[in-house]
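[1] Predicted structure and sequence below. I'll ask about it afterward.
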Amino acid sequence: MSRLATSFVLGYHGCDKKIAEKAVLEGAAILQSDRDYDWLGPGAYFWESDPRRALEWAKWKAEQDQYDEPTVIGAVIDLRHCLDLVARDDIELLRAAHSSFKRVRKKAGLTMPKNQNPKGAKDKDRVLRFLDCAVFRHLHRIVDIVAEDEPGMQPFDTVRGMFVEGGRVYPGSGLHSKSHVQIAVRNPDCIKGIFYPLNSN
């Protein structure tokens, strides 16, 4: 589907200082995540318009001994051909991909993957998104195959999704403290510039 909104956004990526320096100073590409539980499927991940949330995430990674110096870098992202999951048409497309994926798994005699939490986690939100990631991959495969024969069809450059996360902002609120918009950039050409945001570290 084509986006009906402005295409350029600012995204923020939490990472280790060494990775940040290579990206900003040397032009190194942002690492494309391709884990089976990625929330939006494969891509380079950014928090849209929220450097603070990116830094929180990087600090959490440091607590897990995965980063030495948590840092945030910003990016100017051209969403281009975006699977935008706040747009009704794109949500319906993802729903159809799930139905297709379910039929394929059934025909192959395979069970469906499930979203789940790590062992011992108390959070109700299933942060290991095995099902969602598998559906995104299935959709991308279908689009890639169709695009080979139909000039009007093109692979998605980016995927954008809004997630409700965290406790309620205040008692009775319909808003949650860690709700956010994430972007998975599948096509590195969509990243037009990398920078250090002011006052983010």
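    Here it is on my side, so go on.
[2] From here on, just use CA atoms for contacts and neighbour counts.
    Fine.
[3] For this structure, just list every one of the helices.
    17-26, 51-63, 88-107, 130-149 (DSSP state H).
[4] Tabulate those helices in TSV, adding columns for mean neighbour count.
    Compiled in TSV, these are given as follows (neighbours: other C-alpha atoms under 10 Å):
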stretch	mean neighbour count
helix 17-26	16
helix 51-63	19
helix 88-107	15
helix 130-149	17
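[5] Quick check: which of these is nearest to residue 10?
    Among the helices of the chain, the nearest to residue 10 by C-alpha to C-alpha is helix 51-63 (9.5 Å).
[6] Just the residues contacting that closest one, thanks.
    The contact list for helix 51-63, computed with C-alpha atoms under 8 Å, 6 or more residues apart in numbering, reads 11-16, 46-47, 67-72, 74, 178, 197, 200-201.
[7] now the residues you listed: which count as buried?
    Buried members of those, counted by 16 or more other C-alpha atoms under 10 Å: 11-16, 46-47, 67-72, 74, 200.
[8] and of these, the nearest to residue 159?
    Distance to residue 159 across the buried ones among the contacts of helix 51-63 (C-alpha to C-alpha) is lowest for residue 46, with 10.5 Å.
[9] so what pLDDT did that closest one get?
    Note for residue 46: predicted pLDDT of 98.
[10] same thing with the one 4 residues further on?
    As predicted, residue 50 sits at a pLDDT of 96.
[11] close enough to count as contact, it and residue 11?
    Yes. In this structure, residue 50 is within contact of residue 11 by C-alpha atoms under 8 Å, at 7.3 Å.
[12] Once you drop chain neighbours, what's closest to residue 188?
    residue 29 (7.4 Å; C-alpha to C-alpha, 6 or more residues apart in numbering).
[13] and that neighbour, how far is that from residue 118?
    Noted for residue 29: a distance of 29 Å to residue 118, by C-alpha to C-alpha, to the nearest Å.
[14] of these two, who's got more company?
    Per other C-alpha atoms under 10 Å, whichever of residue 29 and residue 118 has more neighbours is residue 29, with 15 against 10.
[15] where's the more buried one relative to residue 51, distance?
    In this view, residue 29 and residue 51 are 19 Å apart by C-alpha to C-alpha.
[16] How about residue 36?
    Residue 36 sits at a distance of 25 Å from residue 51 (criterion: C-alpha to C-alpha).
[17] do residue 157 as well
    22 Å.
[18] cool, and residue 26?
    Residue 26 sits at a distance of 21 Å from residue 51 (criterion: C-alpha to C-alpha).
[19] same deal with residue 194?
    Shown here: residue 194 relative to residue 51, a distance of 13 Å by C-alpha to C-alpha.
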